[in-house]
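A.B. asks: Mind looking at a prediction? Sequence and model below.
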Amino acid sequence: MKLDYLDQLESEAIHIMREVAGQFERPALLFSGGKDSITLVHLALKAFRPGKFPFPLVHIDTGHNFQEALDYRDAMAERIGEKLIVRYVEDTIREKKLKEPTGRNATRNGLQTFTLLDTIEEFEFDACIGGARRDEEKARAKERVFSVRDEFGSWDPKRQRPELWNLYNGRIHKGENVRVFPISNWTELDVWNYIRREKIQLPSIYFSHDRELLIRDGKLMATAGGVIKPEADDQLVTRRVRFRTVGDISCTAASESMADTLDAVIDEIQATRISERGETRMDDQLSEAAMEDRKKGGYF
Amino acid sequence: MDLLRFITAGSVDDGKSTLIGRLLYDSKSILADQLEAIERASKSRDDGEIDLALLTDGLRSEREQGITIDVAYRYFQTPVRKFIIVDAPGHIQYTRNMVTGASNCQLAIVLVDARHGVAEQTRRHSLIASLLGIPHIVVAINKMDLVDYSQDVFSDICIHYAELAQKLNVKHVTYIPMSALNGDNVVDRSESMPWYEGQTLLEHLETVEIADDVNLTQGRFPVQYVIRPQTPELHDYRGYAGKITSGQFRKGDAITVFPSGETSTIDAIEIAETHLDEAATPMSVVLHLATDVDISRGDLIVRSDSQPLSSQTVEAMLCWMDSKEFKVGNKYVLQVGTFRTRCSVREIAYQVNVNTYEQIEGVEQLRLNDLAKVVLRTAQPISFDPYATNRASGGAILIDETSNVTVGALMLVGEA
Ligand SMILES: Nc1nc2c(ncn2[C@@H]2O[C@H](COP(=O)(O)OP(=O)(O)OP(=O)(O)O)[C@@H](O)[C@H]2O)c(=O)[nH]1
Ligand SMILES: [Mg+2]
């Protein structure tokens, strides 16, 4: 019996999720409403049904999310009957008197980390499952599946634990926690192919639709929710677009596309010469080592 | 489509990262923005050529020092196969990262600098690859551009490596002369080495036979988690969740549970609430048994027709991966499958000299990156198979009880 590579990746991810269930007392699954975390939820269903998930879904809401993603999130939690915890960056800003970045390309993406760390503390989470993939970014390409973080959430790339075979070591000291990445070895295309194979529903913004946008630094940014304030030199346009990733409105660009079905989206992704993050994420383009630095600061 | 996981190995600066970059570049697997990013980062170099090693050397300190520190994973596919590439560091200090990367690989590309021939790190990495049971080795004799693409240099190194390979009993060794820098014999055939008639690296990677590497005979299922919904409708539901790490299971199979030794038969095999008649490695499934047996995480379910070893005193080959010494009398947590127990070090039978592969006896302690044969005494019996016959159920790790760090990789040999 020979398993297709998607079956192999699926089995590996399910195994990792069950290791989390078996090794930790208070795990959580970080859910953003994007396709990668939707895939994680689907994998969790496969790993634990007909039982309940041994963890809640946790969403750190920057207040700058696409309404379609939030609606999807709530409908999904309802449909599968699992617990959803939402914590708001807005609240952290108020309580901690954080200074919100201002100016042209201001984003709350960085402030998310504060809310995440507070939430980890509040619920004493010892493991957080996330949907990061190694193909996304060069620092992620280096991270272990079980990534041990200190009490500040920092990742120390020079002191990663050995990780052998499929033996994951989740032993930690109090205060530390582990970020776990079950789909580490999946590529963007693998995720899309899996979504197609498993007939997973996605939020509508992943498919082409007409939308009002503004063109800034050559990128198409959504005007939805008034998150991005148009400035004098921004050009307002309506275009047929889809989103290749769904993150914070302030730092996720749209792609012009006519692809309104999964097949069409997959065809486009197969043909593209630009990476997912390169095309859509503003936050990585700040500096060469932007992701590494954010991870050292506790980011996912 | 199937999946091949491979790693690069060899000394510092032999060109491992450059080779991966070249493989991705020439197979058109690098996206435009990633290429632009490394072009920008290469600008600081004197010769102005793009440095393909930057594709995997993604950490700030790696770029500053021009070396690889930890393994990087890259992914690409061709019409025939999908690949997971693990780029390992060559520096001796980071050997444990190489071991981490190599543990799941089916193939290792051992690079040798054509100017220097087989070096200490070539020997060490080859030894590790053989201890880890990686069935396929490609010896990439690299930097052929710096030895005038000489066939004699290539042949000498092949002869030299073959002697070494004999002592290691690696099964399949393939030799390819290359220039990772210029792309000779990586994806495209070299025009400078018409004397070489073998496959290019990519051709080899696409065609090497990997189906036989899977152990389909010993049914092994370490229990990870017990699913018990305890709802009114599913009151009696009790499913054992885990991954079949080797062999296969069928409905009706007689099974034995370790360490208890209790027996039962398989009543149902489920995957995502769908019932199957049979399932094989590496599937993650849920098993149901016909009778009530006390089973929890850490137990091993095996097919009764192939029993594992079960013992409290075990012999193993050890890669020691911590800066604290490993000594007789020290205590650790041992994890095999999902089972954990405490253990203490009985004996260091011998250390392996990584240069000559000779056995050094009378060693008192092991240091970071040492390789040795050891004897351990466990608090409870462990169930396992010799690593040589079963990579999945013969591999174990040692965990330091105070730091919680994984400090050793064990390839279990047998009862002592
Ligand atoms: N002339 C020549 N130089 C090469 C070749 N392959 C690699 N190099 C050079 O050798 C140097 C080291 O290459 P890397 O790819 O960083 O070496 P590495 O094996 O990955 O090193 P570590 O990961 O630090 O162990 C770089 O300057 C490369 O450009 C080759 O085929 N010919
Ligand atoms: Mg390197």
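C.D. replies: Everything's here; your move. Residues are numbered from 1 along each chain as shown, chains lettered A, B, ... in the order given. Ligands and ions are numbered 1, 2, ... in the order given.

A.B. asks: Look up phi and psi at A:S208.
C.D. replies: When read as degrees, to the nearest 10, the backbone of A:S208 gives phi -70, psi 140.

A.B. asks: can you pull the pLDDT of the residue of the stretch 201-350 of chain B found nearest ligand 1?
C.D. replies: Proximity to ligand 1, evaluated over the stretch 201-350 of chain B using C-beta to the nearest ligand atom, is greatest for B:L201 at 12.1 Å. All C-beta spots, glycine's among them, are computed from the backbone N, C-alpha and C. pLDDT, B:L201: 97.

A.B. asks: Point me to the residue of chain A nearest chain B.
C.D. replies: A:K138 (2.7 Å; C-beta to the nearest C-beta).

A.B. asks: which residues does that residue contact?
C.D. replies: Taking C-beta atoms under 8 Å, 6 or more residues apart in numbering or on different chains as the contact definition, A:K138 lies against A:M291, A:E292, B:L55, B:T56, B:G58, B:L59, B:A72.

A.B. asks: which element is it on?
C.D. replies: For A:K138, there is no enclosing helix or strand under DSSP states H and E.

A.B. asks: Any stretches of the chain with poor pLDDT?
C.D. replies: Defaulting to chain A. Along chain A, segments meeting pLDDT under 70 span A:1-2, A:102-109, A:279-289, A:298-300.

A.B. asks: That was the other one, I meant chain B.
C.D. replies: Along chain B, segments meeting pLDDT under 70 span B:44-48.

A.B. asks: what's the single longest helix in it?
C.D. replies: Secondary structure of chain B per DSSP state H: the longest helix is helix B:151-168.

A.B. asks: just the CA coordinates of that helix, formatted as PDB?
C.D. replies: This file holds the C-alpha atoms of helix B:151-168, laid out as PDB (Å, rounded to 0.1, in the frame of the first residue of the first chain):
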ATOM      1  CA  GLN B 151      38.400  12.400 -13.800                       C
ATOM      2  CA  ASP B 152      41.400  11.100 -11.800                       C
ATOM      3  CA  VAL B 153      40.500  13.300  -8.800                       C
ATOM      4  CA  PHE B 154      37.000  12.000  -8.900                       C
ATOM      5  CA  SER B 155      38.000   8.300  -9.200                       C
ATOM      6  CA  ASP B 156      40.500   8.600  -6.300                       C
ATOM      7  CA  ILE B 157      37.900  10.100  -4.000                       C
ATOM      8  CA  CYS B 158      35.400   7.400  -5.100                       C
ATOM      9  CA  ILE B 159      37.900   4.700  -4.200                       C
ATOM     10  CA  HIS B 160      38.600   6.300  -0.900                       C
ATOM     11  CA  TYR B 161      35.000   6.700   0.000                       C
ATOM     12  CA  ALA B 162      34.100   3.200  -1.000                       C
ATOM     13  CA  GLU B 163      36.600   1.800   1.600                       C
ATOM     14  CA  LEU B 164      34.900   3.800   4.200                       C
ATOM     15  CA  ALA B 165      31.400   2.800   3.100                       C
ATOM     16  CA  GLN B 166      32.400  -0.800   3.400                       C
ATOM     17  CA  LYS B 167      33.100  -0.400   7.100                       C
ATOM     18  CA  LEU B 168      29.700   1.300   7.600                       C
END
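
A.B. asks: which residue packs closest to A:I120, ignoring adjacent ones?
C.D. replies: A:N177 (5.9 Å; C-beta to C-beta, 6 or more residues apart in numbering or on different chains).

A.B. asks: if I pick the one you found, what's in contact with it?
C.D. replies: A:I120, A:F125, A:D126, A:A127, A:C128, A:V148, A:R149, A:G153.

A.B. asks: Stretch B:316-335 and chain A in contact?
C.D. replies: Yes. Applying C-beta under 8 Å from any C-beta of the partner chain, one finds stretch B:316-335 touching chain A at B:M321, B:V333, B:Q335.
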